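1. fold the following for me, if possible:
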Amino acid sequence: MNQADLESFIKELGLEKFRAKQIYEWIYKKSVRDFSEMTNLSQKVRDQIAAKANIGSLKLVTRETSSDGTEKFLFETADGEKLESVLMFIENDDYDEEDDFYDTPAGRYSACISSQVGCAVACPFCATGTLGLKKNLSSSEIIEQILFMQNLSNQRIGNIVYMGQGEPFNNYDAVLESIRKTQADIGIGARRITVSTSGVIPKINAFAKEDLQITLALSLHDPTNEGRDFLVPINRKWPVFEVIDALKSYVDKTNRRVTIEYVLLNDVNDSVEKAKILGHLIKDLHCNINLIPYNQTNTNDPFTRSSSKNIADFSRVLRQFCKGKTVTVRKERGHDINAACGQLANSVS
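-> I've put the predicted structure just below:
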């Protein structure tokens, strides 16, 4: 419920209208999960509300902490499905130079949230893909991941990335609703929200018309159709050149720079030649490039991480071809608890 919904609910209970604002602030500003914590409400009012309503529907199954401080949360939905969310502290030096908002002098907390349980895209290097698609999450279940992690960590989350389980654009309506509510109710600005897609062109085009100033990221992973057909099977429906054209149209409509994500797999997509092809492919696209060293999964996959030399050579060549674009190599976080990119498969380390 937003504040207007709460006002209607409170009216039905015969309570004063201002109680709605009090409840709203407890839930969305202080992330409480129990009416008993709402200390500016009388016990009688708290009991009356608790008899009719719950705060959220997710249940915490496990909470793990990495040696680098990253936390992974395994949640269970009301219908018994499980999903994972990740909370990271990102130092200011790791943020884009155009992003001038910081929660603390040192950095901010960033949440990686899921939009689905499992995923149907089935990228062979991603553990989530081995689950298949089990369900779309509701906008409430998406938002609750943020509020739940704030409650458990006692930290304000300043950055959201839709890079957990699922393809966000295959759950378009719920994701869009959750973005708007995250902005309006939780208070996280559009420029602090990133949505990652594997390249669902119709939804990229629709998203460009939504008048949102969020960052759109593309999970590219190979600049050729042959390579991407294997690594990102959705490419067989929406080929790489068409996806890049859709991103260019997105940039033209929104005036927002996009991000290209590229997982580096040893002897698969990490050659200097692939770096040159990638450079040519995106040279006219207003974008930054995020290179991601591969994170081993527990699914007996055949992939290994690119060597330090190959990563350095790939990034060096790409920078030569992409003058004016920022090329970064993502820092590894949460690998030891299977919380890193591509490792979310509802497992407990």
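
2. what helix or strand is the closest residue to Leu13 other than its chain neighbours located in?
-> Excluding the flanking residues, the one nearest Leu13 by Cβ to Cβ, 6 or more residues apart in numbering is Gln48, at 6.1 Å. Where C-beta positions appear, they are placed from N, C-alpha and C, glycine not excepted. In this assignment (DSSP states H and E), Gln48 forms part of helix 43-50.

3. for that helix, what is the average pLDDT?
-> Helix 43-50 shows a mean pLDDT of 95.

4. neighbouring strands for the helix or strand following that helix, and are they parallel or not?
-> Sequence-wise, the next helix or strand downstream of helix 43-50 (DSSP H and E) is strand 59-65. Sheet pairing here is set by DSSP bridges, and for strand 59-65 it gives strand 71-76 (antiparallel).

5. so what does whatever helix or strand comes next after the partner strand touch, helix or strand wise?
-> Later in the chain than strand 71-76, the nearest helix or strand by DSSP H and E is strand 82-91. Packing contacts for strand 82-91, counted by 3 or more Cβ pairs under 8 Å, 6 or more residues apart in numbering; DSSP states H and E, involve strand 71-76, strand 107-112, strand 116-118, helix 139-153.

6. mind doing that once more with 6 Å?
-> Of the remaining helices and strands, those touching strand 82-91 by 3 or more Cβ pairs under 6 Å, 6 or more residues apart in numbering; DSSP states H and E are strand 71-76, strand 107-112, helix 139-153.

7. to Leu264, which of those lies closest?
-> For the helices and strands packed on strand 82-91, proximity to Leu264 was assessed by Cβ to Cβ; strand 107-112 is nearest, at 19.4 Å.

8. given the closest one, what are its sheet partners and their directions?
-> strand 82-91 (antiparallel), strand 157-162 (parallel).

9. which parts of the first one count as buried, going by neighbours?
-> By neighbour count with 16 or more other Cβ atoms under 10 Å, strand 82-91 contains the buried residues 82-90.

10. circling back: for Ile10, find the nearest of the strands paired with strand 107-112.
-> Among those, strand 157-162 sits nearest to Ile10 (Cβ to Cβ), with 27.3 Å.

11. what angle separates the closest one from helix 139-153?
-> 140 degrees (axes from the mean of the first three to the mean of the last three Cα atoms, to 10 degrees).

12. strand 157-162 - what's its average pLDDT?
-> 94.

13. what's the first helix or strand after that strand?
-> Heading C-terminal from strand 157-162 (DSSP H and E), you reach helix 172-181.

14. need the contact partners of that following helix.
-> Contacts to helix 172-181, defined as Cβ atoms under 6 Å, 6 or more residues apart in numbering, come from residues 115, 138-139, 142-143, 168, 203.

15. switch to 7 Å and redo it
-> Outside of helix 172-181, the residues that reach it under the criterion Cβ atoms under 7 Å, 6 or more residues apart in numbering are 2, 115, 136-139, 142-143, 162, 168, 193, 195, 203, 210, 212, 214.

16. before we move on, what about stretch 43-55?
-> Contacts of stretch 43-55 (Cβ under 7 Å, 6+ apart): 13, 15, 19, 27, 33-36, 38.

17. can you check stretch 210-223 too?
-> If you take Cβ under 7 Å, 6+ apart as the criterion, stretch 210-223 is touched by 176, 179, 190-191, 193-199, 207, 228, 231-232, 240, 243, 247, 250, 256, 258-263, 269, 274, 277-278, 281.

18. which of those fall in strands?
-> 193-197, 258-263 (DSSP state E).

19. and Thr326, how many neighbours?
-> 15 (other Cβ atoms under 10 Å).

20. against Val251, how distant is Asn136?
-> Applying Cβ to Cβ, to the nearest Å, the value for Asn136 to Val251 is 28 Å.

21. ditto for Leu87
-> To Val251, Leu87 is 30 Å away according to Cβ to Cβ.

22. equivalent analysis for Thr128, please.
-> According to Cβ to Cβ, Thr128 stands 28 Å off from Val251.

23. between these two, who's got more neighbours?
-> The neighbour comparison of Thr128 against Val251 (other Cβ under 10 Å) goes to Thr128, with 28 against 18.

24. hmm, that one is touching Gly118, no?
-> Yes - if you go by Cβ atoms under 7 Å, Thr128 and Gly118 touch, sitting 6.4 Å apart.

25. what do these two both touch?
-> With Cβ under 7 Å, 6+ apart as the test, Thr128 and Gly118 both reach Gln165.

26. how many residues are close by the residue nearest to Asp34 when sequence neighbours are not counted?
-> Leaving aside its sequence neighbours, Asp34 sits nearest to Ile55 (Cβ to Cβ, 6+ apart; 6.8 Å). The tally of other residues near Ile55 (other Cβ under 10 Å) stands at 20.
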